[in-house]
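Student: Sharing a model prediction with you, sequence too.
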Amino acid sequence: MTRLTLRHYVFVALSVFVLFLPGRASLPPLDRDEPRYMEATAQMLHSGNYVDVRFLDQPRYLQPAGIYWLEAAAVSLTGMQDRHATWPYRIPSLIAVTAAAVLTVWIGAALFGPQCGLLAAALLAVSVLMTAEGRMATIDTTLLLFVLLAQCGLLRAYLDRERDLATPLAAALLYWIALGCGLMLKGPVVLIPGFGTPLALALVERRIDWWRRLRPAWGWLLMLAIVLPWCIAIGVISHGDFFSRAVGRNFLGKVASGQETHGLPPGYHLAVFALAFWPGSLFAAMSLPFVWAQRFQPHVRYLLCWIVPHWLVFEAIATKLPHYVLPTYPAIAILTAAAVVSFPTQWAWPRAPWARGLLAAYALIWFTVGSVLAFAGPVLLWRMEGTVSPAAMLIPVGALPVLGLSAYLILHREVLRAVMAAVAAAVIIHVGLFTTVIPRLQTIWLSPRLAAMVDDHRRCGSGSIVASTSDSEPSLVFLLGENTRLISPTAAADFLQENQKCGMVLVGARELAAFSTRALQDGLDLHELGQQAGLNYSTGKHLEIGLYEVMLPSAP
């Protein structure tokens, strides 16, 4: 294959689109971040306020409004504004993950040839982190898309310098517009890869003349023009509170201290890479000798200057979550694919015994991770639901032989075929988990069952008002609606006193004594409508929750 045509890109887009469809509609909102985005978007649509983002009655001042606008547009286009369906909110992430794979193909092909681009896109699409993030209505895959768009503009200018060609205006527009859109999504985070790559290249090459190809004299004005109108509007509405929270507490707070129990030491992202980038993680480790040997080549240098600054920044900050380094994964996938395609002409196995030993240990970890993922489905169904699912058993039956074949091919130095087998094993595992296992784990899907129980007993229809004392997860709020109250047991009894006809309360077994005592003091005749039990996977606590209302006197 000498060049990629339109049909190759369409094939990649359709393949990734279909790969990420399973689970998109069947999965309930995944606590805790995803339903916060969903509910804030739903409230935005209901209120018509597209500037001041809110979750219940509290401002959600974490990042700009871009992701909420995208989700609101998707929900509006599908006509699902008045329903609590999850799939419309996940449309932007589906489009983003599909487009990210296509752009990875283009970048990889531009740097190392068509085969490298296609292989890199496959490694990125089936990675565990991308598989998870690409199915959720969160911000990270959408941010990745705009990082890739910015990198496309930047790379075009860099390659034009190498070829002594003029850089078209479109490349500069793409770069600055992508950065502006990225700012509207997650604030200054997009500038880490957006500005970090050219700065790192300038330090390494000791030249920055090609930077002028991107028209920086006016480009930064275009970038700011995208984000400034909303910044001015939210600054006026919030009286500056947005910037003190989003920048002072959220962004800078994550740098100084670990937020929400996510404070971890440097090296965390490297440690979880074996799982997060699986199955490509082993091949990425195998590619290190090739990357080191080729580090002075312009194309390899460019990708290293994309990866290293971003990775170092997020290893250094106190708060750490796996998706923080997702913007580096396309570059890692491309370098890995380049090494695999070059085998054995430019790269071979390491010769030093210690290097071979480390690689063998990492290979053992890699195979163990794959085996655990393959068996995770049937084991979870058996342990949590007490069922043995023949459909779930097909996952290890199908994936493990292919994974074993990949290991066999690695040992016999057929690395390209080994990668293809590993990708096939990952597809079997991911599709199997999201179609036959995760939607059936009813024990952990407590909020959907509580919401269904409430819907079965609404005395006033949509006018019913629900309060909860135990389950305060955002998923419950999204499924029940913005009128949901999250209150204490004693306040819940008072709530029923004030809303005897249309009020209902969800009370956990641990809060039942306090709730009942206060209800007795208020003179309420309580009626239990039903109970649900399950595991809150966000906290690890087992909950037993009942639904209560006030018994109304019978009509004479």
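Tutor: Great, that's in hand.
Student: What lies in contact with the one helix or strand Ala452 maps to?
Tutor: In the assignment (DSSP states H and E), Ala452 maps to helix 446-456. Outside helix 446-456, the residues that touch it by Cβ atoms under 8 Å, 6 or more residues apart in numbering are 28-29, 31, 84, 442, 464, 466, 468, 471, 473, 475-476, 479-480, 504, 506, 529-530, 532-536, 543, 545, 547. Heads up, the C-betas are built off the backbone N, CA and C, glycines and all.
Student: where in this protein is pLDDT low?
Tutor: For the chain, the stretches with pLDDT under 70 are 1, 248-263, 346-348, 554-556.
Student: tell me the domain boundaries of it?
Tutor: Domain ranges of the chain: 6-342, 353-440, 446-550, per automatic domain parsing.
Student: Serialize those to JSON lines and add fields for mean neighbour count.
Tutor: Formatted as JSON lines, the domains of the chain follow (neighbours: other Cβ atoms under 10 Å):
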{"stretch": "domain 6-342", "mean neighbour count": "19"}
{"stretch": "domain 353-440", "mean neighbour count": "18"}
{"stretch": "domain 446-550", "mean neighbour count": "18"}
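Student: what's near enough to touch the spatially most central residue of the chain?
Tutor: The residue lying closest to the centre of the chain (Cα atoms, centre = their mean) is Glu133, at 2.6 Å. Glu133 makes contact with 93, 97, 140-141, 323, 326, according to Cβ under 8 Å, 6+ apart.
Student: of the residues you listed, closest to Val431?
Tutor: Nearest to Val431 among the contacts of Glu133, counting by Cβ to Cβ, is Val97 at 14.7 Å.
Student: Make sure the closest one is actually in contact with Val16.
Tutor: Yes - at 6.5 Å, Val97 counts as touching Val16 under the criterion of Cβ atoms under 8 Å.
Student: Would you map the strands across the stretch 351-500 of the chain?
Tutor: Remark: strands assigned in the stretch 351-500 of the chain by DSSP state E, counting those that start in this stretch are 465-468, 485-486.
Student: Just tell me which of these ends up closest to Gln297.
Tutor: The closest of the strands of the stretch 351-500 of the chain to Gln297 is strand 485-486. By Cβ to Cβ, the value is 56.4 Å.
Student: Just list what that closest one packs against, helices and strands only.
Tutor: strand 465-468 (3 or more Cβ pairs under 8 Å, 6 or more residues apart in numbering; DSSP states H and E).
Student: Name the SS class of the residue nearest to Arg215 when sequence neighbours are not counted, please.
Tutor: Closest residue to Arg215 apart from its sequence neighbours, by Cβ to Cβ, 6 or more residues apart in numbering: Ala172 at 4.3 Å. Three-state call for Ala172 (DSSP: H, G, I helix; E, B strand; the rest coil): helix.
Student: Now do Ala172 against Pro198, distance only.
Tutor: To Pro198, Ala172 is 13 Å away according to Cβ to Cβ, to the nearest Å.
Student: and what of Gln497?
Tutor: Separation of Gln497 from Pro198 (Cβ to Cβ) stands at 64 Å.
Student: Next: Ala217.
Tutor: 15 Å.
Student: What of Cys152?
Tutor: Relative to Pro198, Cys152 is positioned 14 Å away (criterion: Cβ to Cβ).
Student: can you check Cys116 too?
Tutor: Distance of Cys116 to Pro198, computed by Cβ to Cβ: 23 Å.
Student: With Ser472 instead?
Tutor: From Ser472 to Pro198 the distance is 45 Å (Cβ to Cβ).
Student: can you pull out the strands in the stretch 101-250 of the chain?
Tutor: Using DSSP E, counting those that start in this stretch, strands in the stretch 101-250 of the chain do not occur.
Student: all helices for it, in order.
Tutor: Assigned helices in the stretch 101-250 of the chain, in chain order: 114-126, 128-133, 140-163, 169-186, 191-205, 216-238, 241-243 (criterion: DSSP state H, counting those that start in this stretch).
Student: can you redo the ones you listed as TSV with distance to Gly108?
Tutor: Shown next, in TSV, are these (distance: least, Cβ to Cβ, whole Å):
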stretch	distance to Gly108
helix 114-126	3
helix 128-133	15
helix 140-163	11
helix 169-186	18
helix 191-205	16
helix 216-238	26
helix 241-243	39
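Student: mind checking which of those helices is nearest Pro378?
Tutor: helix 128-133 (18.4 Å).
Student: Output that closest one as CSV - backbone C-alpha positions only.
Tutor: Presented in CSV, the C-alpha positions along helix 128-133 are these (Å, rounded to 0.1, in the frame of the first residue of the first chain):
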residue,chain,number,x,y,z
VAL,A,128,-8.7,0.0,27.6
LEU,A,129,-8.7,3.7,28.4
MET,A,130,-10.1,4.7,25.1
THR,A,131,-12.7,2.0,25.2
ALA,A,132,-13.9,3.3,28.6
GLU,A,133,-13.7,7.0,27.9
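Student: Please enumerate the shared neighbours of Val97 and Val16.
Tutor: Shared contacts of Val97 and Val16 (Cβ under 8 Å, 6+ apart): Ala125.
Student: hmm, who's touching stretch 286-302?
Tutor: Around stretch 286-302, the neighbours that count as contacts under Cβ under 8 Å, 6+ apart are 111-112, 155, 158, 162, 197, 201, 204-205, 304, 335-336, 338-340, 342, 346-348, 350, 355, 359, 415.
Student: end to end, how far does it reach?
Tutor: 20 Å (Cα to Cα, to the nearest Å).
Student: Repeat that for stretch 195-213.
Tutor: End-to-end distance for stretch 195-213, by Cα to Cα: 15 Å.
Student: Figure out how far that stretch is from the centre of its chain.
Tutor: The chain centroid and the centroid of stretch 195-213 are separated by 30 Å, computed with Cα atoms, centre = their mean, to the nearest Å.
Student: same question, stretch 287-295
Tutor: Centre-to-centre, stretch 287-295 and its host chain are 30 Å apart (Cα atoms, centre = their mean).
Student: what's the closest of the strands of the stretch 351-500 of the chain to Ala285?
Tutor: That would be strand 485-486 among the strands of the stretch 351-500 of the chain, by Cβ to Cβ, at 45.6 Å.
Student: If you count contacts, what does the helix ranked longest in the chain end up packed against?
Tutor: The residue-count maximum for a helix in the chain (DSSP state H) belongs to helix 353-380. Using 3+ Cβ pairs under 8 Å, 6+ apart, the elements in contact with helix 353-380 are helix 268-276, helix 280-286, helix 390-411, helix 415-432.
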